[in-house]
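Have a look at this prediction, sequence included:
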Amino acid sequence: MAETENDDVGQIFINELEEIVKHIYQVVKEKTNRFKHIENMIFTEEDEKNVEAATVCHICEKELGEDKVIDHCHLTGRYRGAAPNDCNLKYKIPTFIPVYLHNLSGYDSHLFIKNLRTAMKMRLTAYLKPKKTIYRSVKR
């Protein structure tokens, strides 16, 4: 939070955002290390019945076809549900933190957009829509 008129609010925002992202990465790292030893999927008889009876993907909720596979968490080993192979392969812990900002067509957006890109050495993709700019895929 800015304490005086002269404080760089853009930089304050970037510093806060960076701390949040670091915290998220630390939590994911701790979870990954905690469950690193898990090699086998935890799959009960009830889970097997669930897979056999499943007609829709537990991820995208679309109808399952012949490419139905058993999806499980690679951190805990727990069974999650039936899914098409494509959904299963895409469903993983992301290696980036998406940040969505809206109503940036006004004057104030310049206060932190430049700081965001340079201070955090990130790729910044902007999507422009009438009366709205959408920034996406802030990636470390």
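Yes, it's here. Numbers count the residues shown, from 1 in each chain.

Excluding sequence neighbours, find me the nearest residue to Thr55.
Leaving aside its sequence neighbours, Thr55 sits nearest to Leu64 (CB to CB, 6 or more residues apart in numbering; 5.9 Å). For glycine as for every other residue, the C-beta is placed from the backbone atoms N, C-alpha and C.

okay, that neighbour: pLDDT?
Listed pLDDT for Leu64 reads 95.

What of Val51?
Taking Val51 on its own, its pLDDT is 94.

rewinding a little: got a list of what the residue nearest to Thr55 touches?
54-57, 82-84 (CB atoms under 8 Å, 6 or more residues apart in numbering).

now it: how far from Gly81?
10 Å (CB to CB, to the nearest Å).

what is in contact with these two at once?
54, 57.

so where do the helices sit in the chain?
Here the chain has its helices, by DSSP state H, at 9-34, 45-53, 85-90, 110-119.

Output those in a markdown table, with mean neighbour count and distance to Cys73 appended to each entry.
Compiled in a markdown table, those are given as follows (neighbours: other CB atoms under 10 Å; distance: least, CB to CB, whole Å):
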| stretch | mean neighbour count | distance to Cys73 |
| --- | --- | --- |
| helix 9-34 | 13 | 10 |
| helix 45-53 | 12 | 12 |
| helix 85-90 | 15 | 12 |
| helix 110-119 | 16 | 32 |
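
Dump the ones you listed into JSON lines; add distance to Tyr100 as well.
JSON lines is the format used below for the helices of the chain (distance: least, CB to CB, whole Å):
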{"stretch": "helix 9-34", "distance to Tyr100": "12"}
{"stretch": "helix 45-53", "distance to Tyr100": "34"}
{"stretch": "helix 85-90", "distance to Tyr100": "20"}
{"stretch": "helix 110-119", "distance to Tyr100": "13"}
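
before we move on, back to that, where's the residue nearest to Thr55 relative to Phe43, distance?
The value you get for Leu64 to Phe43, if CB to CB is used, is 18 Å.

What of Arg80?
In terms of CB to CB, Arg80 sits 11 Å off from Phe43.

Mutual contacts of those two, please.
His72.

per-residue pLDDT, Ile20?
For Ile20, pLDDT reads 87.

How much space separates it from Gly10?
For Ile20 relative to Gly10 (CB to CB), the value is 16 Å.
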